[in-house]
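In: sequence plus predicted model, see below.
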Amino acid sequence: MSDVPRKNMWQVAVAAGPVAPDRLQDFLAARPGMRMNCGVVYGEFVVTSLPTEDALLIADETGDIRKGTKSVGVARQYTGVAGHVENAQVSVHLS
């Protein structure tokens with residue numbers, strides 16, 4: 001939704017303005033409902049932006065197995081790629 005090339009919270013916060021990025025991260029982390037509300041807002045934006053009523057939006061959750069823990073979101077979690085709990089990074093892709 002922004003012009004920031006990499007969409008992580010830190011870079012979006014830096015682009016947003018004068019508030020320190022860690023303060024914005026703390027704000028969103030402390031309010032789990034905020035993430036759900038953001039999903040509703042983005043969902044409404046996507047639905048109203050689709051060119052026709054018969055357009056199709058596909059959400060695909062993908063798990064990538066990771067050996068280390070340096071990448072954002074890496075944790076021991078279930079991923080379909082491995083078929084069990086593994087050190088992985090899960091992402092959601094929309095097309």
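Out: Received, thanks. Given the structure is predicted, the values throughout are model-derived calculations rather than measurements. Numbering: from 1, shown residues only.
In: sheet-wise, list the partners of the lengthiest strand in the chain with their directions.
Out: Looking across the chain with DSSP state E, the single longest strand is strand 84-94. Here strand 84-94 is paired, per DSSP bridges, with strand 59-65 (antiparallel), strand 75-79 (antiparallel).
In: please identify the deepest-packed of those strands.
Out: strand 75-79 (a mean of 13; mean count of other Cβ atoms under 10 Å). All C-beta atoms are positioned from the backbone trio N, CA, C, and that covers glycine.
In: hmm, who's touching it?
Out: Gly63, Asp64, Ile65, Thr69, His84, Val85, Glu86, Asn87, Ala88, Val90 (Cβ atoms under 8 Å, 6 or more residues apart in numbering).
In: domain-wise, how is this structure divided?
Out: Following automatic domain parsing, one gets these domains for the chain: 1-54, 58-95.
In: now render these as a markdown table, adding mean pLDDT.
Out: Formatted as a markdown table, these follow (pLDDT from 0 to 100):
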| stretch | mean pLDDT |
| --- | --- |
| domain 1-54 | 71 |
| domain 58-95 | 83 |
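In: make TSV out of the contacts of strand 75-79 and add distance to Tyr42.
Out: Output for these, formatted as TSV (distance: Cβ to Cβ, whole Å):
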residue	distance to Tyr42
Gly63	22
Asp64	23
Ile65	28
Thr69	29
His84	31
Val85	29
Glu86	29
Asn87	29
Ala88	24
Val90	18
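In: of the residues you listed, keep whichever come out buried.
Out: Gly63, Glu86, Ala88, Val90 (16 or more other Cβ atoms under 10 Å).
In: now, the most widely separated pair of those residues?
Out: The span of those, defined through Cβ to Cβ, is set by Glu86 and Val90 at 10.6 Å.
In: what's the overlap in contacts for the two?
Out: Gly63, Gln77, Thr79.
In: just name the closest of those to Gly17, please.
Out: So of these, ranked by how close each gets to Gly17 (Cβ to Cβ), first place is Gln77, at 33.1 Å.
In: right, I'll leave it there.
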